[in-house]
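Q: mind folding the following:
(2 chains)
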There are 2 protein chains.
Amino acid sequence: MTDRLDRQLAFLIESDRLKRIERASWITGRIRRENSAEHSWHLTLFALTLADHAPEGVQIDRVIRMLILHDLVEIDAGDAPIHGSHNAEELAAQEQAAADRIFGLLPRDLGEEFRSLWDEFEAAESPDAIFAKSLDRFQPPVLNLHADGGSWPEYNVTEDQIRTRVGHKVSKGAPGLWDWLSPRLSEWFRGR
Amino acid sequence: MTDRLDRQLAFLIESDRLKRIERASWITGRIRRENSAEHSWHLTLFALTLADHAPEGVQIDRVIRMLILHDLVEIDAGDAPIHGSHNAEELAAQEQAAADRIFGLLPRDLGEEFRSLWDEFEAAESPDAIFAKSLDRFQPPVLNLHADGGSWPEYNVTEDQIRTRVGHKVSKGAPGLWDWLSPRLSEWFRGR
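A: Numbers count the residues shown, from 1 in each chain, chains lettered A, B, ... in the order given. This is a model prediction of the structure:
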């Protein structure tokens, strides 16, 4: 039992490093860039607040569990900005290795439980995972609208690119949220 | 419906400010101080990982919901370091006013649901709230042990003070976690 708790704590202490992973996104007010730990918190609050936009059958508490865990692999693999360029295959391999190592710190049963939730999120096929992914795509543009465009100007992102990279996933998992975002994107780009 | 979603988003955008609230605690490696948003995320991960230390009857998903919301009032009221000095009555009044304003941004039903969870957490009487509070007390010393004592040296905190301010609440809600922490505290203070 002591060994079990030691492993649980080793995982929790290692997970603290997610606070050091800087994302391309900015927090509102463009004060500084967002880190992946506070981003994960914000997403859990999005899930709790926007639960009425989840399609029928989605279990919000499972979505929240996925969102708590979803970025832990970035401790080893780093954050891959959606508007940046990266080798998808290489990144996937790095994230798999990260998941092996990080969830492997846990007692076996817990490690398997968390890994299975993360695998489900990554696969983006189950209703819970599809909704979780749509929130993960929805939150950054919402912040950008309140951070002078956030990372859009730096990456020279066009409205069309956002519609392709973000719109598809958001409207798939949460069409009502895309309907809210879409005209606001147009307005922001018209105002540049 | 549009108005409802506008209010949900106004709340989520305002909540971003929790990322700007600096705590007395440091993140591991003593890299920088922790903010209240990433602290909230870390606590949800503690709850998920240490669920087997929750007394019977505790619903972990409710604990996680409380922990997601528990520090939002700090957006207006700021963080009150456990080892600092503050007027408890004044702080409680500030936090109540903050809860009125922040949860008041939401559609009425959601605002009442979140406020009720936060009230339950603050009251620290239900099994879910007692466990949530014990995690909120347990996490900072765990980080401090991996951050050269974190805020302890700055506040000239003694081992006895930690045992009083932290030990009581942790052992009340999660005795096994206190049994893990207690000898490690002694070892750290012996090594100073």
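
Q: hmm, stretch A:55-75 touching chain B?
A: Yes - counting by C-beta under 8 Å from any C-beta of the partner chain, chain B is contacted by stretch A:55-75 at A:61, A:64-65, A:68-69. To be clear about C-beta, it is placed using only N, CA and C from the backbone, and glycine gets the same treatment.

Q: how far out from the middle of the chain is that stretch?
A: On the basis of C-alpha atoms, centre = their mean, to the nearest Å, stretch A:55-75 is displaced by 9 Å from the centre of the chain it belongs to.

Q: again with stretch A:157-168
A: 17 Å.

Q: max-length strand in chain A?
A: In chain A, ranked by residue count with DSSP state E as the criterion, the top strand is strand A:22-26.

Q: show residues contacting the helix or strand just after it.
A: Toward the C-terminus, strand A:22-26 is succeeded by strand A:33-35 as the next helix or strand (DSSP states H and E). Contacts of strand A:33-35 from elsewhere in the structure, counted by C-beta atoms under 8 Å, 6 or more residues apart in numbering or on different chains, are A:18-27, A:143, B:19, B:38.

Q: now the buried members of those.
A: Burial by neighbour count, judged by 16 or more other C-beta atoms under 10 Å in any protein chain shown, picks out A:18-21, A:23-27, A:143, B:19, B:38 from the contacts of strand A:33-35.

Q: so the spatially most central residue of chain A is in which element?
A: Residue closest to the average C-alpha location in chain A (C-alpha atoms, centre = their mean): residue A:136, at 4.1 Å. Using DSSP H and E, residue A:136 sits in helix A:127-145.

Q: buried stuff in the helix or strand following that helix?
A: Using DSSP H and E, the helix or strand that follows helix A:127-145 in sequence is helix A:159-162. For helix A:159-162, the neighbour count (16+ other C-beta under 10 Å) marks A:159, A:162 as buried.

Q: now for helix A:159-162, which elements pack on it?
A: Packed against helix A:159-162, as judged by 3 or more C-beta pairs under 8 Å, 6 or more residues apart in numbering or on different chains; DSSP states H and E, are the following elements: helix A:175-190.

Q: looking at the helix it packs on now, give me its mean pLDDT.
A: Along helix A:175-190, the predicted local confidence has a mean pLDDT of 96.

Q: pull the helix or strand with minimum mean pLDDT from chain A.
A: Using mean pLDDT, DSSP states H and E, the weakest-scoring helix or strand in chain A turns out to be helix A:168-173, at a mean of 92.

Q: now what about that helix, what contacts it?
A: With C-beta under 8 Å, 6+ apart as the test, helix A:168-173 has contacts from A:55, A:130-135, A:137-138, A:177-178, A:181.

Q: run the last query once more with 7 Å
A: Residues outside helix A:168-173 that contact it (C-beta atoms under 7 Å, 6 or more residues apart in numbering or on different chains): A:130-131, A:133-134, A:137-138, A:177-178, A:181.

Q: can you give me the buried ones in that helix?
A: Judged by neighbour count using 16+ other C-beta under 10 Å, the buried positions of helix A:168-173 are A:169-171, A:173.

Q: from the chain's centroid, how far away is that helix?
A: For helix A:168-173, the gap between its own C-alpha mean and the chain's C-alpha mean amounts to 14 Å (C-alpha atoms, centre = their mean).

Q: for that helix, list the C-alpha coordinates in PDB.
A: As requested, the backbone C-alpha atoms of helix A:168-173 are provided in PDB (Å, rounded to 0.1, in the frame of the first residue of the first chain):
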ATOM      1  CA  HIS A 168     -14.900  21.400 -38.600                       C
ATOM      2  CA  LYS A 169     -14.100  19.900 -35.200                       C
ATOM      3  CA  VAL A 170     -16.100  22.300 -33.200                       C
ATOM      4  CA  SER A 171     -19.200  22.000 -35.400                       C
ATOM      5  CA  LYS A 172     -18.900  18.200 -35.400                       C
ATOM      6  CA  GLY A 173     -19.000  18.000 -31.600                       C
END
